[in-house]
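1. Provided below are the primary sequence and the corresponding predicted coordinates.
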Amino acid sequence: MSETIYYPTATTLVNSNLTVTANATIYQDLTSQGAYLIPSPSNAAVIVQWMTRLTDSFASDNICGQPFWSNIAPLRTSNVASGTGNQYVVGPDGKLWSFAGNGNMALYLFNPYTNTLKSYATGTASENGSIGALVLPDGRLCFPPFFSGWVRVYNPISNSFTSYPEPTGWPSALNSANCGGGCLMVDGNVWINPYGVVGNALVFNTSTNTVSNLVSTLGTNAYLGCTTDPTGNVVAPNLNGGLGIYNPYNGQFSTVSTPSGYWGCKVLPSGNVICYPYNNNFIGEYNPFTRTFSQTVTTGAGNGSFSNGTLLPNGIFALQNGSQLGLYNYKSKTFTSVSFPFGIGGGACLNIDGRMFFSAGSNTAALTASTRPVPLEFCMHPFFNRS
Amino acid sequence: MSTTTYVPSPISVGNVILNNSSSSRDLVYQAGSLAPSTSNAAVVLQWVNKIVNTYTPTPFGSGVPLLNTTTLAYTPGFYYGAITVPDGRVIFTPGGSGNVGIYNPATNSFTTILVGAVGAGYPWLTGTLLQDGRIAWSPDGGVAGRGVGIFNPSTNTFTSTNGTVTGTDIYEWSALAPDGRVVFPCSTSPGNIGTYNPYTNSFITYASGQAGLASSPGPSYKSACTVADGRIVFGPYGGGNVGVFNPYTNSYISYAYNQAGTNTQYGMFAGSVLAPDGRVVFVPYNAEGPATFDPITTTFTSYPVLGAGGTKYHNGCLLPTGEILMTPWSRRNFGLFNPKTNTFRTILSLPVSPGNIFPVVLPDGRIVISPSSERNAWVISGLCTAVPQDFIMHPFFNRCS
């Protein structure tokens, strides 16, 4: 029996062992697999290559590029729907969820084809003091606590909320902020920032649905927003100054010195972590490979008041505060802003059609940065899909 | 917790080493993003070939093509073109229907949106996807001052650019130039090349009255196709010429041909499609078979395998298998031209002669056929497998041929 190999260098393979008389090296495209690699020191370089290739036409240039057939200049903003939940996240099947958080129970499913919102179940009022949201590996939406003692979890299949209590000793009163957001860790569990009186970070175990103390944060507890970086560490800016760094591979917590005033962070295509200037007017970048922090460019006079951000498909990072979108080019270290007349809510998400959806007053608005369809793994990657 | 590394260590079988320690940057993969130009043409065509060579003509798992005629609702009137927009929907140009047809592959549903004040006749004909995601519909003549129609799929809204087109010239077909302009061959005498600039919302004509543009009766050209070096080839309809417009120099030239079965009557070829080897394949309408034009050597070659008889096929698209699907007008079967072997075959059988219909390849490998006059849209499955979105969206292929 014989068979023909399809490849261009086709040859006939006889029904016997393949004999190679010289060394042969076969390469495969590992870069495209970067979206699926677990962040770790050894995988970090490939993950950064994936993000770079995703957002660049060519890495050697100094601009953020896109295909010639996709060109939005300047970036376009518009209201697209009446109603909003204030923040947005991409759900497990690519659907867009909008929610309010922090005591407001509203939860909506946004349909980008028809630009409409539909109300969904909202849970128990006393347990709704959350800050931001993220998607769990099993597809549930997780709402870390803020002014409450509960981790809220929404199951889109059963359309139901379940609340899981913080451990004994944590304040659960609605008038006491005790946590400041969370992010998915490399083991599939959720890191939850301490914000307030308790000097420990929490972990929500997504397998057992339990919340427990994870590690001491060395007595500094004003952490707001966090991300897993390409090396696998959790990075959390402290509003009072410093970055908290948690290494899930050895369980050690450490800090990196920074100026004060940073609230929230996400990963840039370079692998650095952008820290949003809230009570500060300089964008911060943390390099997870050198463990160094630098201030790159000012966002203008006064404090930036930015507490959310979204990576756009062209590599530009869009920061959001209450009145403007800040556009940060991580390559050229330049910053421009786009005013929006209706006020801007916190937490945006990127849809597969290249539009970033965000809240604008009582409406849902869109920023169009590219007409190139965005891979779903980009929209849903935990580096980016979080508010 | 220990570090988990996904990448396996190099493995060795005899003297064959599978090396996972390094990965070269794949420039061919990225060439789908490059602007077509003389210097980029070679690698751009490599990208096209890399995609179509991934799929054999009979992909694993595919069987006999299946024609589905029942899933899409009937809508009055007909549509003249079809374009895929960034969110994955397929937008059908109003044509004579007075509304925009929208097919959503995710839900397999068909809806319509009234565009309002569409006027008499066929207000807008084919369309081209602009760089900012909007669609520019080409204006029909007969209404003085009618301009390019702009449909924004992000907001599902329509804007008329009345006044951007001078006079009553008919610009039936169009193609995207590398600089973002839309290029139209005028189909009314004395003829010119129209260009719409979406950034300035202006319409400028070139080469008015030059050789090959005017024809009697009817238009010289019917179809426009961007090729790998960025030039735009106009498919011959009447007059026996292939037209070429260079958007880098705004210059135009025509090439006369004279081959059996191709120039005996009016209305030779009604569509044009870029083949993976860089040639343009013309869809036979009244011609006796397909023909190809090599824009580098300017060689025209006909393949008169279909014999006499008019209004055979009208439009076409490149499939990820490398073959070119041609949609019928009076015939009831679909044509498949293989540019590797220059051979032609037919597949499927429609219940009626469809008239003017356009094929659109979907990301899941299905092909949606735009609704024609009083006909449902059709969906063909089983002909090819899922394909990359860059292939679906690239202006080489995401166009009305």
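-> The structure has been received and is ready for your questions. Residues are numbered from 1 along each chain as shown, chains lettered A, B, ... in the order given.
2. Quick one: neighbours of A:Ala35, just the number.
-> Around A:Ala35 sit 18 other residues, with neighbours defined as other CB atoms under 10 Å in any protein chain shown. Where you see a C-beta, it was placed from the backbone N, CA and C, and this is true even at glycine.
3. Hmm, A:Pro375 and it touching each other?
-> Yes - judged on CB atoms under 8 Å, A:Ala35 makes contact with A:Pro375 at a distance of 7.5 Å.
4. how about A:Tyr108, secondary structure?
-> Of the three states, A:Tyr108 takes strand according to DSSP: H, G, I helix; E, B strand; the rest coil.
5. Quick one: residues contacting it.
-> A:83-85, A:97-99, A:117-120 (CB atoms under 8 Å, 6 or more residues apart in numbering or on different chains).
6. Report the beta-bridge partner residues of it.
-> According to DSSP bridges, the residues that bridge with A:Tyr108 are A:Ser98, A:Ser119.
7. Name the spans of the stretch 101-250 of chain B whose pLDDT lies under the cut-off.
-> Within the stretch 101-250 of chain B, the stretches with pLDDT under 70 are B:116-122, B:141-145, B:162-163, B:166-168, B:189, B:215-218.
8. can you list the residues of it near chain A?
-> Proximity of the stretch 101-250 of chain B to chain A is assessed by CB under 8 Å from any CB of the partner chain, with B:104, B:106-107, B:129, B:131-133, B:154-156, B:176, B:178, B:180 identified as the residues in range.
9. Can you give me every residue that contacts the closest residue to chain A within the stretch 251-400 of chain B?
-> With CB to the nearest CB as the measure, the residue in the stretch 251-400 of chain B that lies nearest chain A is B:Gln389; the distance is 4.5 Å. When contacts are counted by CB under 8 Å, 6+ apart, B:Gln389 is found next to A:372-373, A:375, B:363.
10. Out of those, which comes closest to A:Tyr276?
-> A:Pro375 (25.0 Å; CB to CB).
11. For the closest one, give its distance to chain B.
-> Using CB to the nearest CB, to the nearest Å, A:Pro375 is found at 8 Å from chain B.
12. That residue: how many residues sit nearby?
-> 16.
13. Quick one: distance of stretch A:280-291 to the chain centre.
-> Averaging C-alpha positions (CA atoms, centre = their mean, to the nearest Å) puts stretch A:280-291 16 Å from its chain's average.
14. What's the end-to-end length of it?
-> End-to-end distance of stretch A:280-291 (CA to CA, to the nearest Å): 21 Å.
15. That one near chain B anywhere?
-> No - on the criterion CB under 8 Å from any CB, stretch A:280-291 is out of touch with chain B, staying 14.7 Å away.
16. Buried residues in that stretch, which are they?
-> A:280-286, A:288 (16 or more other CB atoms under 10 Å in any protein chain shown).
17. again, but for stretch A:152-162
-> With burial defined by 16+ other CB under 10 Å, the residues of stretch A:152-162 counted as buried are A:152-154, A:156, A:161-162.
18. any chance of these in a markdown table, with secondary structure and distance to A:Val256 too?
-> Rendered in a markdown table, the data for those read as follows (DSSP: H, G, I helix; E, B strand; the rest coil; distance: CB to CB, whole Å):
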| residue | secondary structure | distance to A:Val256 |
| --- | --- | --- |
| A:Arg152 | strand | 31 |
| A:Val153 | strand | 31 |
| A:Tyr154 | strand | 34 |
| A:Pro156 | coil | 37 |
| A:Phe161 | strand | 36 |
| A:Thr162 | strand | 36 |
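19. May I see those organised as TSV, with distance to A:Gly251 added?
-> Converted to TSV, the buried residues of stretch A:152-162 look like this (distance: CB to CB, whole Å):
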residue	distance to A:Gly251
A:Arg152	27
A:Val153	25
A:Tyr154	30
A:Pro156	32
A:Phe161	31
A:Thr162	28
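20. from these, which two are the most distant?
-> Of all the pairs that the buried residues of stretch A:152-162 form, the one spanning the most space (CB to CB) is A:Arg152 and A:Pro156, at 13.4 Å.
21. just the helices in the stretch 51-200 of chain B please.
-> Across the stretch 51-200 of chain B, reading from the start of the chain, there are no helices by DSSP state H, counting those that start in this stretch.
22. That one: strands as residue ranges?
-> Per DSSP state E, counting those that start in this stretch, the stretch 51-200 of chain B has strands spanning B:66-68, B:82-84, B:90-92, B:99-104, B:109-114, B:124-129, B:135-139, B:149-152, B:157-160, B:175-176, B:182-185, B:193-197. These are given in chain order.
23. As CSV, those strands with mean neighbour count would be great.
-> Formatted as CSV, the strands of the stretch 51-200 of chain B follow (neighbours: other CB atoms under 10 Å in any protein chain shown):
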stretch, mean neighbour count
strand B:66-68, 16
strand B:82-84, 26
strand B:90-92, 25
strand B:99-104, 21
strand B:109-114, 16
strand B:124-129, 28
strand B:135-139, 28
strand B:149-152, 22
strand B:157-160, 17
strand B:175-176, 27
strand B:182-185, 28
strand B:193-197, 23
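24. can I get these in CSV with distance to B:Ser302?
-> Written out in CSV, the entries for the strands of the stretch 51-200 of chain B read as follows (distance: least, CB to CB, whole Å):
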stretch, distance to B:Ser302
strand B:66-68, 29
strand B:82-84, 28
strand B:90-92, 32
strand B:99-104, 35
strand B:109-114, 38
strand B:124-129, 25
strand B:135-139, 27
strand B:149-152, 35
strand B:157-160, 40
strand B:175-176, 23
strand B:182-185, 21
strand B:193-197, 25
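25. before we move on, which element is the residue sitting nearest the centre point of chain A in?
-> Averaging the C-alpha coordinates of chain A gives a centre point, and the residue nearest to it by CA atoms, centre = their mean is A:Phe384 (2.7 Å). Assigned by DSSP states H and E, A:Phe384 belongs to no helix or strand.
26. tell me the contacts of the residue lying closest to it once chain neighbours are set aside?
-> Nearest residue to A:Phe384, sequence neighbours excluded (CB to CB, 6 or more residues apart in numbering or on different chains): A:Leu311, at 5.1 Å. A:Leu311 is in contact with A:55, A:266-269, A:317-318, A:350, A:383-384, counting by CB under 8 Å, 6+ apart.
27. Would you state the predicted confidence (pLDDT) at A:Leu311?
-> Per-residue confidence (pLDDT) for A:Leu311: 93.
28. Quick check: bridge partners of it?
-> A:Phe317.
29. who touches the helix or strand harbouring A:Ala236?
-> Element membership for A:Ala236, per DSSP H and E: strand A:234-237. Contacts with strand A:234-237, where a contact means CB under 8 Å, 6+ apart, come from A:183, A:185, A:191, A:193, A:223-229, A:243-246, A:248, A:258, A:262-265, A:273, A:275-276, A:284, A:286, A:288.
30. quick one on the thing from earlier: inside strands: which ones of the buried residues of stretch A:280-291?
-> Among the buried residues of stretch A:280-291, DSSP state E puts A:282-286 in strands.
31. In TSV, list these along with pLDDT.
-> Supplementary listing: these in TSV, determined by pLDDT from 0 to 100:
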residue	pLDDT
A:Phe282	96
A:Ile283	97
A:Gly284	98
A:Glu285	98
A:Tyr286	98
